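1. Return a 3D structure for these sequence lines:
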Amino acid sequence: MEGATFDYAKLSAKVKIVFREALKPEVIVTTSEGYLGRVHVKVISPVFDGRGEQEKQAYVWEILNAHLSDEERLGVTLVVPYGTDELP
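-> Numbers count the residues shown, from 1 in each chain. Down below sits the predicted model:
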């Protein structure tokens, strides 16, 4: 898959749905396009309040692993989770 191009619009939409369903009702999900259509994700939810970075990363990738195919996961290259307690 090295050098593969991804359908950013399609994958981004799916990632947003996955996180909104898994972390509802209070979640904000934004994406931006990375290299060759890869998806970068920012997720803000009170689910992450008080959690360390490793725990937050494990949690978001557990969600993605459960809902995306292997190929789709290769298109998600960055996930930055924030708790509401980290916002100014």
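2. contacting residues around Tyr8?
-> By C-beta atoms under 8 Å, 6 or more residues apart in numbering, Tyr8 lies in contact with 33, 37-39. In short, each C-beta sits where N, CA and C put it, glycine included.
3. Just put these in a markdown table and tack on neighbour count.
-> As requested, the contacts of Tyr8 are arranged in a markdown table below (neighbours: other C-beta atoms under 10 Å):
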| residue | neighbour count |
| --- | --- |
| Glu33 | 14 |
| Gly37 | 16 |
| Arg38 | 19 |
| Val39 | 25 |
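4. So which of these are in strands?
-> When the contacts of Tyr8 are checked against strands (DSSP state E), the matches are 33, 39.
5. now, which of the contacts of Tyr8 sits nearest Gly50?
-> Val39 (26.8 Å; C-beta to C-beta).
6. Specify the beta-bridge partners of that closest one.
-> Glu33, Val76 (DSSP bridges).
7. Any idea how many residues pack against the closest residue to Val27 other than its chain neighbours?
-> Nearest residue to Val27, sequence neighbours excluded (C-beta to C-beta, 6 or more residues apart in numbering): Ser45, at 4.4 Å. A count of nearby residues for Ser45, using other C-beta atoms under 10 Å, gives 23.
8. As TSV, the contacts of Tyr8 with pLDDT and distance to Arg20 would be great.
-> As requested, the contacts of Tyr8 are arranged in TSV below (pLDDT from 0 to 100; distance: C-beta to C-beta, whole Å):
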residue	pLDDT	distance to Arg20
Glu33	97	19
Gly37	96	21
Arg38	97	20
Val39	98	15
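9. want to throw the contacts of Tyr8 into JSON lines with distance to Asp7?
-> Below are those laid out as JSON lines (distance: C-beta to C-beta, whole Å):
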{"residue": "Glu33", "distance to Asp7": "11"}
{"residue": "Gly37", "distance to Asp7": "6"}
{"residue": "Arg38", "distance to Asp7": "11"}
{"residue": "Val39", "distance to Asp7": "10"}
